[in-house]
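**Student:** Just a sequence and a predicted model for now, questions to come.
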Protein chains: 2
Amino acid sequence: MTVPPQLGALLHRSLRVYQVWGANTEVGKTVFSTILCGLTSTSRPDEKTAFLKPVSTGPTQEADDCHISKYLPGIRSETLYQFDLPVSPHLAAQVSQKNTPSDKEVLAGIHGFASRHASPNNFGWLFIETAGGVHSPGPSGTTQADLYRPLRVPAVLIGDSKLGGISQTISAFESLKLRGYDVELVMLFENDTYQNHSYLRRYFQENHSIPVQTAPLPPLFSSSNDTRNMRTYYTSTLALPSLSSSIPSHLSDSHQARISRLESMPDAAAKTIWYPFTQHTHLPSDKITVIDSAKDSHFDTFDHPSPANKSVLRPMFDGSASWWTQGLGHGSPTLALAAAYAAGRYGHVMFAETIHEPALALAETLLEGMGNERLKRVFYSDNGSTGVEVAVKMALGAARGRYGWTEEERKKVGVVGLKGSYHGDTIGAMDCSEPGVYNERVEWYEGRGAWLGSPGVRCEKGVWVVDGLERRFGTLGEVFDVEGRERRGEGGRYEREIRATLEGLVRKGGRFGALILEPVVLGAGGMHLVDPLFQRTLVNVVRSSPELFGHAQQSKDKLDWSGLPVVFDEVFTGIYRLGRFSAASFLGVDPDISVHAKLLTGGLLPLSVTLASESVFQSFLSEDKSDALLHGHSYTAHAVGCQVALESVKEMAKMEKDGRWSWAQNKQQKSDVGSQPDQVVESRVWSVWSHEFVEWLSWQSERGVEGVWALGTVLAIHMGGEAGYKSTAAKGLQAALLRGSEGDGGVHSRVLGNVLYLMAGQTTTEETVRRVEPALRGFGLIAEGEDKLKQDEKEVHVPEEDVDDRARHVTERPPVIVPERLGGADKIHDNNCCQPV
Amino acid sequence: MTVPPQLGALLHRSLRVYQVWGANTEVGKTVFSTILCGLTSTSRPDEKTAFLKPVSTGPTQEADDCHISKYLPGIRSETLYQFDLPVSPHLAAQVSQKNTPSDKEVLAGIHGFASRHASPNNFGWLFIETAGGVHSPGPSGTTQADLYRPLRVPAVLIGDSKLGGISQTISAFESLKLRGYDVELVMLFENDTYQNHSYLRRYFQENHSIPVQTAPLPPLFSSSNDTRNMRTYYTSTLALPSLSSSIPSHLSDSHQARISRLESMPDAAAKTIWYPFTQHTHLPSDKITVIDSAKDSHFDTFDHPSPANKSVLRPMFDGSASWWTQGLGHGSPTLALAAAYAAGRYGHVMFAETIHEPALALAETLLEGMGNERLKRVFYSDNGSTGVEVAVKMALGAARGRYGWTEEERKKVGVVGLKGSYHGDTIGAMDCSEPGVYNERVEWYEGRGAWLGSPGVRCEKGVWVVDGLERRFGTLGEVFDVEGRERRGEGGRYEREIRATLEGLVRKGGRFGALILEPVVLGAGGMHLVDPLFQRTLVNVVRSSPELFGHAQQSKDKLDWSGLPVVFDEVFTGIYRLGRFSAASFLGVDPDISVHAKLLTGGLLPLSVTLASESVFQSFLSEDKSDALLHGHSYTAHAVGCQVALESVKEMAKMEKDGRWSWAQNKQQKSDVGSQPDQVVESRVWSVWSHEFVEWLSWQSERGVEGVWALGTVLAIHMGGEAGYKSTAAKGLQAALLRGSEGDGGVHSRVLGNVLYLMAGQTTTEETVRRVEPALRGFGLIAEGEDKLKQDEKEVHVPEEDVDDRARHVTERPPVIVPERLGGADKIHDNNCCQPV
């Protein structure tokens, strides 16, 4: 497919661009546009003013650009799309004989006009006039407030001076604000009967510090003298000191303030912000990326040395999905409205012993969506780390109740986990992962438990490989056929080795209260795709071995936990990140406790849930308050988060049901069934990253690629190859992606040691993915040699390693792909890392 | 002052009430109201329909209720306030000779009408028609969308069928949604030219699952035949099956669904929710409070057995300020719009090495507002608990750098803190507080440090008492005159005893990396108001004794930390909770690290900041990434939280500057200067809880009150007195408050052991406070005896102890007021609790 360039926000250094919006149709937008053009063109003769009407309806000779030309003949004015019928553009376009322009074509037209009008030597002005009201539909049917949002041009709102106009003006303003527009000026006619201007002047000044400027009502239409009357009107109005002395300077100051702020933000940030997971020594201010706004899958970043005729904002693909959170796109009006609704209905209401609709509805939706009949209870907290702390308290409490440890045993109880796992940054969550170079510097960290190695999965030279297995797989779907593989006995060795390891740990005095793991992918530990059959077998062994942990009999209740409470940390892997509602479903086993965050709110704000089985819940019941789960945060189940999560989860479930990812799934299906492309089978796994691309990557061993995998929205490229290259390969690739090329906004990505990963959102389009793939081919792996990559690293900013790169240290330990190749029990259990306490 | 009853939301079990809103003026609201009245009154003869126009402008004979009466003579119709001039009600009211009704009078009128029309035996209908558009101002000038919000009546939105009407309809809808209204139906005329109905039908169905129903355009006005034409129009329209078969049933189903859901929510919650800090054995479903919505300082709770003619929702004072978070009021449209704006502009954008405006502006605003020249850096996290974990990592890291502990020492390093402190629920934050019955059940908790007792402050029988001091104080302001008291030598004994205690701890092998304390009030530990001179002295002793902790010399840089990094946990006490931007200012000492959350966002959603000095920050700089502060959460500095916090902090600072709390401050001043009521001095402390009320409470020792204090928005009543009464007195009082009385919505409060506290928001009005005070006098302390209180506890739901009541256990330890009376060094340091490790 042909992929047009990504369009970003519109901000020129020397061109002051404002978009003129109407609180309604017939409020005088064109008259005010004329006034704005007139005021700015007369204020300084060297500053050229232009007028653009992207979409106009009604007869050509009555079009707004003609009006401007008529009364201000020196002004450059243009209409991009003209439709004759004087109705809403979406209707006018329908009935016209013309092609209906897409939203992107309209935006590209505006960008083009601005570029042509912008001068590197002089300041200029551009006023872009919308059609009708803020939500009047554009040609495609998208309402203009949504259509023009990617440009995020500052707004001049023309208020309604007629009866009812106060309401129209405030509502239009709110619709713009909730899409992230900045309204810099409100203008309207003085109407002495309704005096809307008096009310609105106070309203906007007091509530929003926005000035309101007025102009006299224009003369009534006169068939004979209209042109003369209007000329007189404009002449006198443009001469009004109240307008001429304030408006050009206000709009010019606002523009300059925005540019100046964008320029100064890196220095200000370098002085005031203490960044997460950042060695500030390596972060001079000029390496800080300024994000002016964001839309869909892209940031609009400030591009300091941008060419004179280009926007100083450039669209940059958010390649880490904003630290793995992004799902429904940046600046989603749906989520903004959901957040506003809950804020307006509740604010935050305290949750202990109370209930409100968003919290209850979300709980019910999640329990149903998980399809795990064990899970019956929802505990709310604020982020993945607190969600894991809650999960561990639940699991240890349940195990304590059954196993009745001595006081001494209790204090030494730990978890069974996987090497390379990562569960969060608070001390309790850190304690769930094995010691590493990073967490050992934290005074209060103690790894509490034992951690098993796990076999990794990746594509190498076109075939799928599982560590320790001789079998090669044609597709990832075959790897994920866990039931089939189990039936064929492939899990037998896993089972024997896991059992032997656990027995060894217990023999040495280990006491365990939980099995905790990230299903399918160990994320922050290095994007380690684990053989799902291994994790499935691990759970089944733990459950079928209660005698190992202190209880002779398996529970008769099939929903009761057995052996150890099984905790799945789906903070990263859950809620469609890997293509399914729950990552547990890939394993075909149901955890007793499941933690969710990140995508839970579609990528808007923090919220976490810890889901638990009734049997875990019951173990905290007694007459004694101190047996309860004594945990809670002030904003527990905050209504805004719950409402946003409810809409997000429902929307993603609907996308699945409606086949919104079929463009990705269909391609996967073909590859999944190998030589029979016409046979339609349900694909076990799919990814937005194309099969061809993944396969191509898997052949690039000469360029340092050791293996690759893609699942759902995640693509992970494990770099390796020559010694010494390991730790710079991923970073060199990252640097090249960040820089991008001419006409390409670049890709913002993160690395985890020697792994570069890319992550799309759930609404990222096929077009966007297909734009990013060649960027990776072109700039990272093919076009540039190793030396160039190293040079890039010096020239171009290389962000710090990822936030979560804690459990492994790239220079001191063999990096991923595989922490431990499975060769025997003693290799699963590495005595150096596995610490039965 | 006379205090009118609190008005809440309007929802009658048998009366289906809908509010008819217009997308604009002249969209046919009255025609549609007539259609709605007609459809519902003809559908079932036993169901009476009524029409209410709260505010009408224009000639009486043309009023909408007359229109209804004319065409539907059987319908009860009424106008509450009529103004003759056909302009916006706020203008019409101004120029009329009538009194302008307040917003509350309008709401009370609607409540009254609904009560009179509601029948206990039959279902009925009530349509309330607004004037003009959704934001057209009411008589007082408040726009109607805000004016009517406390009722939160479900909306029928009349769309605009004219040119531009699509925009008007969607914007009006968004303005309603962002105030928490539920729009149940959209209606508009069919206009074949503009076809707005086609567009809007799809738009609302697809995006919001809201049905859109249409009616034919009414006949044009005819001076001769208008009445006949309209009769014909109504007859034919009401007979349309598309309307008659769908609208009454849809509106009746919606109403019934809302009631049914409210009824079933407690059972559903009891089955699915795992509540924070709750022993579920003590929480049967009928004790769960259903919150339908909230406004300002009140919840609207579902009152199951409400009288037939009263709303089933009752306004309940949010007496814990929703777990100490609430500041700018529930359902604040300002905060809702702020949240929506940031969501629309950014969503969430990843924060490592990037910067965005809300995060930077908030950081700058906080650093400036704190007025602490040490603090230069802002680290973002999600809640108070994570903020404290970050603070401790910062402090320990800085101390490690200077003191160069051995590996063995490092693992044993702890904090110096105060007994009864509380810093959060994650393991690292728990470890900052001393062991207690509650946290000892948490397997992974280890108290790490040593905790000193501290002298409490309270009012007893009209005088202010400080534990261990013989001096009595006439006002709390005198207690807070720390500089004066220090000059007079009152701090000398504190200094000697603190120094001796610290020396003893170090002698016994204690290693310390931070001093951490909640300035002024230890909140969750029992609302323990600490002598500010003691905390000030503690900080100064630690800073002047670097040799105690491993460093011989005091730093020459006066902004450098000395002795130990001083961490102030202002999560509860900061951002105006106690009346000032920073609680540290009461002590007159500047911490090196300061943690803030709760009120930071005005009470909307979770966000936390940890502020740090440059010297602490510098200690993490090196060439080695692993020396950095390796902490971060995915939603670090989420734009929605930062924007809401920015608006909140600015708004509260503006309230202070504008003297918005002068009603409380002035009274305090008088009491503060004792016998010279006319002398105006700047009060050191003030509270929204009246001086008279606090003094009155302080005399109620016979009713079990041991002491009381009020500061800022907090009131704490320490119950004590007879043995055995201690643990039930506060709960009895709480139960009585919750139940309230006839015409009183009750007070939702929380207890901490034997302390009952009440907390207002920063926008809580004097009227509301004056309504709550007598409730406390009347129902808790005066009117009912001890036996009655105990009985209440059985009859009325007593919520669990507060979330944060962890560090002390009421039945096993002597409860607050004072953990340790200061009598000597050995009493400051209790060997049982203080654990130098």
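**Tutor:** Received the coordinates, thanks.

**Student:** Please name the nearest non-neighbouring residue to residue A:695.
**Tutor:** Take residue A:695 and drop its neighbours on the chain: the residue closest to it by Cβ to Cβ, 6 or more residues apart in numbering or on different chains is residue A:462, 5.3 Å away. No exception for glycine: its C-beta is placed from N, CA and C like everyone else's.

**Student:** Let me see the contact set for that neighbour.
**Tutor:** Contacts for residue A:462 were tallied using Cβ atoms under 8 Å, 6 or more residues apart in numbering or on different chains; they are A:695, A:698-699.

**Student:** Let me see the backbone angles for it.
**Tutor:** Phi and psi for residue A:462, reported as degrees, to the nearest 10, are phi 80, psi -10.

**Student:** ditto for residue A:491
**Tutor:** The phi/psi pair for residue A:491 (degrees, to the nearest 10) reads phi -90, psi -10.

**Student:** Show me the domain layout of chain A.
**Tutor:** Per automatic domain parsing, the structural domains of chain A span A:15-256, A:348-456+A:490-656, A:664-826.

**Student:** Need those in CSV (columns: mean pLDDT).
**Tutor:** Shown next, in CSV, are these (pLDDT from 0 to 100):
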stretch, mean pLDDT
domain A:15-256, 95
domain A:348-456+A:490-656, 95
domain A:664-826, 66
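
**Student:** so which of those gets nearest residue B:536?
**Tutor:** domain A:348-456+A:490-656 (27.4 Å; Cβ to Cβ).

**Student:** which neighbours does the lengthiest strand in chain A have in its sheet, and in what orientation?
**Tutor:** Using DSSP state E, we find that the single longest strand of chain A is strand A:48-57. Within its sheet, and counting by DSSP bridges, strand A:48-57 is paired with strand A:76-83 (parallel), strand A:124-129 (parallel).

**Student:** And residue A:436, how far from chain B?
**Tutor:** From residue A:436 across to chain B, the span is 10 Å (Cβ to the nearest Cβ, to the nearest Å).

**Student:** quick revisit: in CSV, list the contacts of residue A:462 along with neighbour count.
**Tutor:** Shown next, in CSV, are these (neighbours: other Cβ atoms under 10 Å in any protein chain shown):
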residue, neighbour count
A:695, 15
A:698, 22
A:699, 14
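
**Student:** Which of those fall in helices?
**Tutor:** A:695, A:698 (DSSP state H).

**Student:** out of the contacts of residue A:462, which one sits closest to chain B?
**Tutor:** Closest approach to chain B among the contacts of residue A:462 (Cβ to the nearest Cβ): residue A:698, at 28.0 Å.

**Student:** Let's see the longest strand of chain A as PDB, backbone CA atoms only.
**Tutor:** Extracted in PDB, the C-alpha atoms of strand A:48-57 (Å, rounded to 0.1, in the frame of the first residue of the first chain):
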ATOM      1  CA  LYS A  48       1.600  39.600   5.300                       C
ATOM      2  CA  THR A  49      -1.800  38.300   6.200                       C
ATOM      3  CA  ALA A  50      -3.600  35.500   4.500                       C
ATOM      4  CA  PHE A  51      -7.000  33.900   4.800                       C
ATOM      5  CA  LEU A  52      -7.900  30.300   4.200                       C
ATOM      6  CA  LYS A  53     -11.300  28.700   4.000                       C
ATOM      7  CA  PRO A  54     -10.600  25.000   3.900                       C
ATOM      8  CA  VAL A  55     -14.200  24.000   3.200                       C
ATOM      9  CA  SER A  56     -17.000  26.300   2.000                       C
ATOM     10  CA  THR A  57     -20.600  25.600   1.000                       C
END
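
**Student:** Moving C-terminal from it, which element do we reach first?
**Tutor:** Next in sequence after strand A:48-57, counting helices and strands by DSSP states H and E, comes helix A:64-71.

**Student:** Please tell me how far that following helix is from the chain's geometric centre.
**Tutor:** Offset of helix A:64-71 from its chain centre (Cα atoms, centre = their mean, to the nearest Å): 43 Å.

**Student:** mind listing what's buried in it?
**Tutor:** A:64-69, A:71 (16 or more other Cβ atoms under 10 Å in any protein chain shown).
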